[in-house]
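Peer 1: predicted model and sequence below, questions to follow.
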Amino acid sequence: MAVLVYLSDKLLFVTFSVIGVVSWAVWHLLTMRASHLLISRRFKNSVLISVPLRVGKLGFKETMKLAFLPTLFIFSVTSLVAEIIDYPIETFEGLVTAVVAIILLLPVAFFVPAKLVIESAGILAISKDSVNSLTAYPYIDEFLGFGAILSLALIMGKYAVTVREPAYALGVLLAFFCFILYPSLISSILYAEITYFKAVRWLKSRLRPLAAELTITVSCYHCGYKLSGVETICPNCGYPLRIA
Ligand SMILES: [Zn+2]
């Protein structure tokens, strides 16, 4: 597989490592300054509380996910654009262009770590009738998933028509994916080790959530008497409490 030969090339290895480090630096700066901008607007009037007070380091699984999602983003954008303008991504020139695309797009994928910081900071948003974990704008996930499926479908459709070997087409796509996973992995490991903790702290210092405990009580719908949850009738007013 031609792609794997290029990947083992030393120069490419160094280039990709540099791209990984530069992208991490961009992620580091932007998530420390802009993560609050990606918080979904529906929490605007919520009371924010911090549960737990401290957040630990990112684990292996989260770090891998952090590397995977920007890769998916770059994969969707690059292959979708290549499909639309009918650019042969599987040739050598195509690969060079793909490298340029990674250089341009990996730093832009800062919204992936920013989203992670928002959603793992341990902040609950309490409004009049709901308690939710703080989340980023929901379009981000859909954008990633939809873009990837669309580009994959387009590419496979094209291959099904021109090439009679779908296995080969799938192989090229898989190799391309691994090819762009490497720089993203570097950025993600650096992010997990150096930035994540600071970014969560920064977001909290910006949002200033309440350090509080959350208690939930249930009470009689008729008289408001506080219930333990095992009653069948209200001990105070005698109203039946179980739904038949
Ligand atoms: Zn009652």
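Peer 2: Received the coordinates, thanks. Numbering: from 1, shown residues only.
Peer 1: going by C-alpha atoms from here, please, whenever you check contacts or count neighbours.
Peer 2: Noted.
Peer 1: any idea where the helices of this protein begin and end?
Peer 2: Secondary structure of the chain (DSSP state H): helices located at 2-8, 10-34, 60-84, 92-108, 111-120, 139-162, 166-190, 196-207.
Peer 1: pipe these into TSV and attach mean neighbour count, mean pLDDT and distance to the ion per row.
Peer 2: Below are the helices of the chain laid out as TSV (neighbours: other C-alpha atoms under 10 Å; pLDDT from 0 to 100; distance: least, C-alpha to the ion, whole Å):
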stretch	mean neighbour count	mean pLDDT	distance to the ion
helix 2-8	13	55	71
helix 10-34	19	89	49
helix 60-84	19	85	47
helix 92-108	17	79	56
helix 111-120	22	91	39
helix 139-162	15	73	44
helix 166-190	20	82	54
helix 196-207	18	92	39
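Peer 1: domains for this protein, by residue range?
Peer 2: 2-213, 216-244 (automatic domain parsing).
Peer 1: is it true that Leu227 touches Ile233?
Peer 2: No: the criterion here is C-alpha atoms under 8 Å, and Leu227 misses it with Ile233 at 10.0 Å.
Peer 1: in the chain, which residue is most central in space?
Peer 2: Val112 (4.2 Å; C-alpha atoms, centre = their mean).
Peer 1: so it sits right up against Pro70, yeah?
Peer 2: Yes: contact status for Val112 versus Pro70: in contact at 6.6 Å, counting by C-alpha under 8 Å.
Peer 1: could you check how far Gly157 is from Leu170?
Peer 2: Remark: distance between Gly157 and Leu170 (C-alpha to C-alpha, to the nearest Å) = 11 Å.
Peer 1: check Ile233 too.
Peer 2: With C-alpha to C-alpha as the criterion, Ile233 and Leu170 are 63 Å apart.
Peer 1: just Ile103 next, same as before
Peer 2: 24 Å.
Peer 1: do Ala153 as well
Peer 2: 11 Å.
Peer 1: ok, now Lys226?
Peer 2: According to C-alpha to C-alpha, Lys226 and Leu170 sit 61 Å apart.
Peer 1: how about Ile243?
Peer 2: Ile243 is 54 Å from Leu170, by C-alpha to C-alpha.
Peer 1: one more: Ala34?
Peer 2: 37 Å.
Peer 1: residue contacts, Val26?
Peer 2: Residues counted as contacts of Val26 (C-alpha atoms under 8 Å, 6 or more residues apart in numbering) are 107, 110.
Peer 1: which residues does Cys223 contact?
Peer 2: 236-237.
Peer 1: go on, Leu106?
Peer 2: Contacts of Leu106 (C-alpha under 8 Å, 6+ apart): 23, 70-71, 74, 184.
Peer 1: got JSON lines for the residues you listed, with distance to Gly56 too?
Peer 2: Listed next are the contacts of Leu106 as JSON lines, based on distance: C-alpha to C-alpha, whole Å:
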{"residue": "Ser23", "distance to Gly56": "23"}
{"residue": "Pro70", "distance to Gly56": "23"}
{"residue": "Thr71", "distance to Gly56": "25"}
{"residue": "Ile74", "distance to Gly56": "29"}
{"residue": "Ser184", "distance to Gly56": "22"}
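Peer 1: closest to Ile140 out of those?
Peer 2: Among the contacts of Leu106, Pro70 lies closest to Ile140 (C-alpha to C-alpha), at 11.4 Å.
Peer 1: please verify my assumption that that closest one contacts Ser184.
Peer 2: Yes: between Pro70 and Ser184 there is a contact under C-alpha under 8 Å: 6.7 Å.
Peer 1: related to what we said a few turns ago, looking at the helices of the chain, which is nearest to Ile216?
Peer 2: Ile216 sits nearest to helix 111-120 of all the helices of the chain, at 22.1 Å, using C-alpha to C-alpha.
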